[in-house]
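Asks: Sharing a sequence plus its predicted fold:
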Amino acid sequence: GPQPSISNSEGDLLFLLDSSGSVSYYEFSRVKAFMWDLVQPFTFGPKDVQTSIIHISTTPTMEFPFDRYLSSGTLQQAIRDTQQLMGDTNTGKALSYAKEKFFSDEAGARPDVPKVLVWVTDGFSTDDISEPMQLLKDMGVTVFIVSTGRGNYLELSAAASQPPEKHLHFVDVDDLPIITKELRDAILDVIQANRLHAVDITSSSFRLMWPKLLSQETGYYTLEYAPRDDLARKRTNQVSGAHTSLVLSNLAPETTYEVALIPESNIHYFPPQTTRVTTLAEEISPVQVLISESGPHSFHVSWAPTLDSVIGYQILYGPLPGNSVKLLEVDGTSNSTVVENLAPNTTYLVTVTAIYKSGKEKSLSAKACTQEEGSKVRHLRFEDMGPNTLKASWDSADGKVLGYRVRCRRQTGPSSVISVSPQIHSVLLTDLASGTTNKVCVKPMYKNQPGKGLCRMVHMQP
């Protein structure tokens, strides 16, 4: 689904894209989709994230400068429109070219912002990469490598920034979505490190993190925050200069907050840092109620999800039609219970209500049917009726049976289902190949639901 947008990040992000003839059209299109998924939540602009693509081919080419696309929509289209160049895999040449562009005004790069290189490779290169890669890292570029091919682990782990477990991924091209969030979070660690930013965002809280600007002795921080749509409701916190993080709680769900960090130093001036954080939608429970393991006198009720904000659940149940209800109560960590002492062959309405710590309640209902008493087929037996044919017979089930359903799963050949009227207690099964083992199940049918089936395996003599 759509990602929450990420602001308060500043950095130049460069994709080194293997555009050579060693990459298939399918692989190239999967990598383009992965690049877009990776950057889609970022906010783009001269004070936020800028991105560019350099093609690895016979001669390296820049698809567009860093400052060309400053909105998600235009960048998405530009990535879609990127065409494969074919040619040789001259990665070393492309890395030297990347080093020039990363620090060039004409390419739209900015001085003094974090630089991140993401190299997506099938693990093959025709020229040396170690020296140009080392020069890039010496200039402060953080290098992430995604290898979709075999790739030499030792060579690639030396090329990536350290430690390799955070900066190097080996993944099949179809499994790129699996690493998207982990790689995005690692990139964020690089481009957010020197700015005020939020982590651990929930529907009612988030943690603010900021660089160490002061110490206990040299001053304190003032934090101001307010909903973007109602800045008059500003709240203020003060923390000592030793702090570099603070949790803000009791916030409204799905609300964008403007946050300012003002370092109050008694030595020299630090400009305020600002960020904008949107809380998540409030999680609700229950969003599903399931009935299972139904018997004549009981059934199992389960629900999801379980939330920290819920202190308990109430389960109300009563027969339909009717107005007599009974109540069960369980604690907020439970996600199921058994309802007992019920009447057989009866439809019940079951309502699960979550009681929140805030006092709020949320309910969801489901229908459940108990089984007919003794609603089970007994004594399933077989009689040989000639080549490839058996007669299956059974004793009748209790209660008001509407009919029987006989299912035969053949080891070879199609499965079949035969429905018969309630007074018939045997069927002929044909096309059972000699030497095969087949599964036969007989189930009684009742008004509300099927009863319990009886199954047996039957082996045909060769």
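Replies: Arrived safely.

Asks: the strands in the stretch 201-350 of the chain, which residues?
Replies: 206-209, 219-227, 235-240, 245-248, 256-265, 273-278, 288-292, 299-304, 310-319, 326-331, 336-339, 347-356 (DSSP state E, counting those that start in this stretch).

Asks: And residue 289, how far from residue 78?
Replies: For residue 289, the distance to residue 78 (C-beta to C-beta, to the nearest Å) stands at 46 Å. Quick note: C-beta positions are derived from backbone N, CA and C, even for glycine.

Asks: Save the strands of the stretch 201-350 of the chain as JSON lines, and put in distance to residue 106, mean pLDDT and mean neighbour count too.
Replies: Below are the strands of the stretch 201-350 of the chain laid out as JSON lines (distance: least, C-beta to C-beta, whole Å; pLDDT from 0 to 100; neighbours: other C-beta atoms under 10 Å):
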{"stretch": "strand 206-209", "distance to residue 106": "34", "mean pLDDT": "89", "mean neighbour count": "20"}
{"stretch": "strand 219-227", "distance to residue 106": "39", "mean pLDDT": "95", "mean neighbour count": "18"}
{"stretch": "strand 235-240", "distance to residue 106": "43", "mean pLDDT": "94", "mean neighbour count": "12"}
{"stretch": "strand 245-248", "distance to residue 106": "39", "mean pLDDT": "92", "mean neighbour count": "14"}
{"stretch": "strand 256-265", "distance to residue 106": "34", "mean pLDDT": "93", "mean neighbour count": "18"}
{"stretch": "strand 273-278", "distance to residue 106": "30", "mean pLDDT": "88", "mean neighbour count": "19"}
{"stretch": "strand 288-292", "distance to residue 106": "56", "mean pLDDT": "90", "mean neighbour count": "14"}
{"stretch": "strand 299-304", "distance to residue 106": "55", "mean pLDDT": "92", "mean neighbour count": "19"}
{"stretch": "strand 310-319", "distance to residue 106": "57", "mean pLDDT": "94", "mean neighbour count": "18"}
{"stretch": "strand 326-331", "distance to residue 106": "64", "mean pLDDT": "94", "mean neighbour count": "12"}
{"stretch": "strand 336-339", "distance to residue 106": "64", "mean pLDDT": "94", "mean neighbour count": "16"}
{"stretch": "strand 347-356", "distance to residue 106": "57", "mean pLDDT": "93", "mean neighbour count": "19"}
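
Asks: Let me know which of those strands is the nearest to residue 25.
Replies: Closest to residue 25 of the strands of the stretch 201-350 of the chain is strand 273-278 (C-beta to C-beta; 38.1 Å).

Asks: Now do that closest one: distance to the chain's middle.
Replies: Chain-centre distance of strand 273-278: 25 Å, with C-alpha atoms, centre = their mean, to the nearest Å.

Asks: just checking, what packs against it?
Replies: Counting contacts by 3 or more C-beta pairs under 8 Å, 6 or more residues apart in numbering; DSSP states H and E, strand 273-278 packs against strand 197-199, strand 256-265.

Asks: I'd guessed residue 117 sits against residue 144; true?
Replies: Yes - here residue 117 reaches residue 144: they are 7.0 Å apart, a contact under C-beta atoms under 8 Å.

Asks: can you tell me which residues contact the spatially closest residue to residue 358 that is not a sequence neighbour?
Replies: Spatial nearest neighbour of residue 358, chain neighbours left out: residue 309 (7.3 Å); criterion: C-beta to C-beta, 6 or more residues apart in numbering. With contacts defined as C-beta atoms under 8 Å, 6 or more residues apart in numbering, residue 309 is in contact with 283, 356, 357, 358.

Asks: among those, who's most crowded?
Replies: residue 356 (17 neighbours; other C-beta atoms under 10 Å).

Asks: just to revisit the earlier point, so for residue 422, which of the strands of the stretch 201-350 of the chain sits nearest?
Replies: Distance to residue 422, taken as C-beta to C-beta, is lowest for strand 347-356 among these, at 21.1 Å.

Asks: how far does the closest one sit from the chain's center?
Replies: Using C-alpha atoms, centre = their mean, the offset of strand 347-356 from its chain centre is 28 Å.

Asks: Direction included, what does that strand pair up with?
Replies: strand 310-319 (antiparallel), strand 361-369 (antiparallel) (DSSP bridges).

Asks: So which bits of the shortest one are buried?
Replies: This points to strand 361-369. 364, 366, 368, 369 (16 or more other C-beta atoms under 10 Å).

Asks: what about the nearest residue to the first one once chain neighbours are set aside, distance to residue 314?
Replies: Going back to what we said before, that points to residue 364. Leaving aside its sequence neighbours, residue 364 sits nearest to residue 286 (C-beta to C-beta, 6+ apart; 4.7 Å). Per C-beta to C-beta, residue 286 is found 11 Å from residue 314.

Asks: Quick check: neighbours shared by the two?
Replies: residue 352.

Asks: phi, psi of residue 450?
Replies: In terms of degrees, to the nearest 10, the main-chain angles of residue 450 are phi -70, psi 150.

Asks: isn't it right next to residue 403, touching?
Replies: No - contact criterion C-beta under 8 Å: residue 450 and residue 403 do not qualify, at 10.1 Å.

Asks: Next, the most far-flung residue of the chain relative to its centre: secondary structure please.
Replies: Relative to the C-alpha centroid of the chain, counting by C-alpha atoms, centre = their mean, residue 386 is the outermost residue, at 56.3 Å. Three-state call for residue 386 (DSSP: H, G, I helix; E, B strand; the rest coil): coil.

Asks: residues contacting residue 128?
Replies: So residue 128 contacts residue 92 (C-beta under 8 Å, 6+ apart).

Asks: okay, the helices and strands packed on strand 273-278 in CSV with distance to residue 397 next?
Replies: Converted to CSV, these look like this (distance: least, C-beta to C-beta, whole Å):
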stretch, distance to residue 397
strand 197-199, 60
strand 256-265, 62
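
Asks: so which of these comes closest to residue 432?
Replies: strand 197-199 (63.4 Å).

Asks: Average pLDDT for that closest one, rounded please.
Replies: Strand 197-199 carries an average pLDDT of 82.

Asks: which residues are contacting it?
Replies: 8, 9, 188, 206, 207, 208, 209, 210, 259, 275, 277.

Asks: hmm, try it at 7 Å
Replies: 8, 9, 206, 207, 208, 209, 275, 277 (C-beta atoms under 7 Å, 6 or more residues apart in numbering).

Asks: Likewise for stretch 435-451?
Replies: With contact meaning C-beta under 7 Å, 6+ apart, stretch 435-451 is reached by 345, 347, 369, 371-372, 375-377, 380, 392, 394, 397, 399-412, 429, 432, 453-460, 462.

Asks: all helices in the stretch 101-250 of the chain, in order from the N-terminus.
Replies: Remark: helices assigned in the stretch 101-250 of the chain by DSSP state H, counting those that start in this stretch are 130-138, 153-159, 164-167, 176-192.

Asks: okay, those in JSON lines with distance to residue 53 next?
Replies: Formatted as JSON lines, the helices of the stretch 101-250 of the chain follow (distance: least, C-beta to C-beta, whole Å):
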{"stretch": "helix 130-138", "distance to residue 53": "16"}
{"stretch": "helix 153-159", "distance to residue 53": "19"}
{"stretch": "helix 164-167", "distance to residue 53": "20"}
{"stretch": "helix 176-192", "distance to residue 53": "15"}
